[in-house]
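Trainee: Everything below, folded, please.
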Amino acid sequence: MIKTINHYSNRFSAVFCSIFGHHYGVTKEITLHIKEYKCVHCYKQVTTDASGNLSELTPELQDINNTLEHIYQKRHSSNQQVA
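Mentor: Now for the predicted structure:
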């Protein structure tokens, strides 16, 4: 019975998002300008691309974001130690 409720809930969420649009919340801050978002209704994941638009979060983009986050954190942690 729980599966049935979740199944209808997912359909309702998908219909809700298709009518009213997604309601994204920030799930991860990669840099000051690049973030990952997830819809609170249907759980669709997106990220900001190079031009600042939202793009679907693919495994390739997720790897790029993880690498970029690592470089960003490494660069900023070394700047704080020097200053």
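Trainee: Now do the strands in the protein.
Mentor: 24-29, 35-39, 45-48, 54-56 (DSSP state E).
Trainee: want to try CSV for these, with mean neighbour count and mean pLDDT as columns?
Mentor: (C-beta placed from N, C-alpha, C; glycine too.) Below are those laid out as CSV (neighbours: other Cβ atoms under 10 Å; pLDDT from 0 to 100):
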stretch, mean neighbour count, mean pLDDT
strand 24-29, 13, 95
strand 35-39, 18, 95
strand 45-48, 18, 95
strand 54-56, 12, 94
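Trainee: Any idea which of those strands gets closest to Ile71?
Mentor: Using Cβ to Cβ as the measure, strand 24-29 is the one of the strands of the chain that comes nearest Ile71, at 14.4 Å.
Trainee: of the strands of the chain, which approaches Ser18 most closely?
Mentor: Of the strands of the chain, nearest to Ser18 by Cβ to Cβ is strand 35-39, at 11.4 Å.
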